[in-house]
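[1] Fold the following, please.
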Amino acid sequence: MVHLHSHHDISAPRETIWALLMDFGNIEAWWPKNAPIDIERVELEGSGVGMTRHIYNVGFDNAVSERLDALDTENFTLQLSIVGERPAGLLHYQATGKLTALDDGGCRLTYDSEFRAEQGGEDDAKAFLLGAYELMYLGLDGVANQSAK
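    Purely as a prediction, here's the structure:
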């Protein structure tokens, strides 16, 4: 099992970013436009904890299906898994995101994940995931910048 740890400071209040993350089926509201991984459409299955968002990305044959495994509103924490067809040779993937308020009025998104990949594919899977995290941070920064105007 490979473990990844990443964090990013965002110049928007924790509650603003939390509202976006809690709206699990609406990733398009904050995903950066014209990103290297560009969302074509999202289809939802279920609602609340246990729901799955099937993210169809431009140029990808299969959807990336993320299931919301846990949502802790008191501690601003969510957990998700990639299920079904997994990208980048992933065999297992689970992540936990946590928002922490910062003294300057912004927040920090800490993202801890674990994955297993096909034999010899760990580096490619890690690069894919870290790239996706960077796009997530870019998109949330964009929302923060818009709300500051």
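
[2] hang on, residue 105 packs against residue 13?
    Yes. With contact defined as CB atoms under 8 Å, residue 105 reaches residue 13; the gap is 6.1 Å. Backbone N, C-alpha and C define where each C-beta goes, glycine included.

[3] Specify which residue of the two has the higher count of neighbours.
    Neighbours per residue (other CB atoms under 10 Å) separate residue 105 from residue 13, with residue 13 holding more: 17 against 10.

[4] pLDDT wise, what is that one at?
    pLDDT, residue 13: 95.

[5] Same question for the one 10 residues further on.
    Predicted confidence (pLDDT) at residue 23: the value is 95.

[6] Check whether it really touches residue 29, as I assumed.
    Yes. Residue 23 lies in contact with residue 29 (CB under 8 Å); the separation is 6.8 Å.

[7] measure the residue nearest to residue 89 when sequence neighbours are not counted to residue 17 for me?
    Excluding the flanking residues, the one nearest residue 89 by CB to CB, 6 or more residues apart in numbering is residue 121, at 3.6 Å. Here the criterion is CB to CB, to the nearest Å. By it, residue 121 lies 32 Å from residue 17.

[8] How about residue 145?
    Applying CB to CB to residue 145 and residue 17 gives a distance of 12 Å.

[9] now residue 141
    For residue 141 relative to residue 17 (CB to CB), the value is 10 Å.

[10] May I see the buried residues of the top helix by length along the chain?
    The longest helix of the chain (DSSP state H) is helix 122-148. For helix 122-148, a neighbour-count test (16 or more other CB atoms under 10 Å) marks 125-126, 128-129, 132-133, 136-137, 139-141, 143-144 as buried.
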